[in-house]
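Novice: When you get a sec, could you give me coordinates for this:
(chains A, B, C and D)
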Protein chains: 2
Amino acid sequence: MIRLLGVAFDQFSEELYRRLATTPYSDIRPGHGCVFGGIDPESGSRLTELAERAMMTKQTVGEVVSDLEQRGYVERVPDPEDGRAKIIRLTPRGREAYVAGRRLIDELERDWAERFGADRVAALREVLEAVDAERFGAVPA
Amino acid sequence: MIRLLGVAFDQFSEELYRRLATTPYSDIRPGHGCVFGGIDPESGSRLTELAERAMMTKQTVGEVVSDLEQRGYVERVPDPEDGRAKIIRLTPRGREAYVAGRRLIDELERDWAERFGADRVAALREVLEAVDAERFGAVPA
DNA sequence: GAGACCTTATCAGGTGCCCTTACAAAATGT
DNA sequence: ACATTTTGTAAGGGCACCTGATAAGGTCTC
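Specialist: Numbers count the residues shown, from 1 in each chain, chains lettered A, B, ... in the order given. Now for the predicted structure:
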């Protein structure tokens, strides 16, 4: 079971980055996902938010942000409501990459639906969402 | 979708190693999976076989084998049928860890069946196995 | 059976991704 | 005003993988 989950994730991931490599955003790597996956594409997000959503440390996400900043995908602007915080916002190029990535992910899911059956992939999504939903409720503190 | 697959894999994996940490085999880490997951528990396997099954390089798997050898889980014995090759075989302790690991994985899958529904988990397994099966057929060469 | 070629395993070195520890600066609560 | 918490950063380390190069044992051809 753990092997199957790993294989499925790898298959999806590898194909996604293979396709992404044919776009103008070929320098985006899996590690960047913690930012693209959690950021508010309109108004941006704080580092702490991104780290929480990705379940990673602020240091790690901070490094990824610096990398994406250097590549021109995001920018750090001071948060007017909190002098300590900075808002991480997509640049125009970052937004392009964001929508391109989402489109590729949707395409890939449709490809899976064709290959493995729409009903089966729908069932897959349903279980995975159930697993995802229970992730927080399971912490009694 | 890729996020969901990643979350599910992480949830399963983290819980597995959390439980493994309470056994006498607490020093087994995820990276060791490429050996335990591909080895013939009875007669052992060659490095090349393990690498192929895990879809990893021989060098990487070789390092994992050395690590497991040092920890007393496997041993390298010369292959009588091929002077170049060595057979990687589970030691008695390795076999104990092997069965303990499999038992934990089965337990975890039953736990998921309870939490998310036996029918849903069965459906999950079915799709994942379809994905796994297509892994090789998709290479036209 | 000698040479070219492939395979098995290993050595050396490096990358990507994520962590812990320690800290400065700003906000918050009393 | 002082202690505490929160936000972000710097420095360093570990794990899981990779590529390139190499020695030694098989295999195939002529």
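
Novice: Can you dump the C-alpha atoms of the worst-scoring helix or strand of chain A on mean pLDDT in CSV for me?
Specialist: Every helix and strand of chain A was ranked by mean pLDDT, DSSP states H and E. The lowest is helix A:118-137, at a mean of 90. As requested, C-alpha coordinates have been extracted for helix A:118-137 and formatted as CSV (Å, rounded to 0.1, in the frame of the first residue of the first chain):
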residue,chain,number,x,y,z
ALA,A,118,-13.4,8.6,-14.9
ASP,A,119,-15.3,6.8,-12.1
ARG,A,120,-12.2,5.3,-10.7
VAL,A,121,-10.3,8.5,-10.7
ALA,A,122,-13.3,10.2,-9.1
ALA,A,123,-13.3,7.6,-6.4
LEU,A,124,-9.6,8.1,-5.9
ARG,A,125,-10.1,11.8,-5.4
GLU,A,126,-12.9,11.2,-3.0
VAL,A,127,-10.8,9.0,-0.7
LEU,A,128,-7.8,11.3,-0.9
GLU,A,129,-9.9,14.2,0.1
ALA,A,130,-11.3,12.3,3.1
VAL,A,131,-7.7,11.5,4.2
ASP,A,132,-6.8,15.1,3.7
ALA,A,133,-9.8,16.3,5.7
GLU,A,134,-9.0,14.1,8.7
ARG,A,135,-5.5,15.5,8.9
PHE,A,136,-6.3,18.3,11.3
GLY,A,137,-9.2,16.7,13.3
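
Novice: Tell me where chain A has strands.
Specialist: A:45-46, A:74-78, A:86-90 (DSSP state E).

Novice: The longest helix seen in chain A and chain B in contact?
Specialist: Longest helix in chain A, counting residues (DSSP state H): helix A:92-116. Yes: contact of helix A:92-116 with chain B (CB under 8 Å from any CB of the partner chain) involves A:105, A:108-109, A:112, A:115-116. For glycine as for every other residue, the C-beta is placed from the backbone atoms N, C-alpha and C.

Novice: Can you tell me the number of residues neighbouring the closest residue to A:W112 other than its chain neighbours?
Specialist: Of all residues not flanking A:W112 in the chain, A:V121 sits nearest, at 5.1 Å (CB to CB, 6 or more residues apart in numbering or on different chains). Residues lying near A:V121 (other CB atoms under 10 Å in any protein chain shown) number 21.

Novice: ok, back up a step: turn the residues of helix A:92-116 next to chain B into CSV, including pLDDT.
Specialist: Putting these into CSV (pLDDT from 0 to 100) gives the following:
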residue, pLDDT
A:I105, 97
A:L108, 97
A:E109, 97
A:W112, 97
A:R115, 95
A:F116, 95
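
Novice: Contacts for the least confident helix or strand of chain A next, please.
Specialist: Residues outside helix A:118-137 that contact it (CB atoms under 8 Å, 6 or more residues apart in numbering or on different chains) are A:109, A:112-113, B:1, B:3-5, B:7-8, B:11, B:112, B:115-116, B:120-121, B:123-124, B:126-128, B:130.

Novice: Show me where chain A dips below the pLDDT cut-off.
Specialist: Under the criterion pLDDT under 70, the flagged ranges of chain A are A:136-141.

Novice: Around DNA strand D, which positions in it sit nearby?
Specialist: Residues of chain A found near DNA strand D (CB under 7 Å from any atom of the strand) are A:46-48, A:58-59, A:62, A:65-66, A:76, A:79, A:82, A:84-86.
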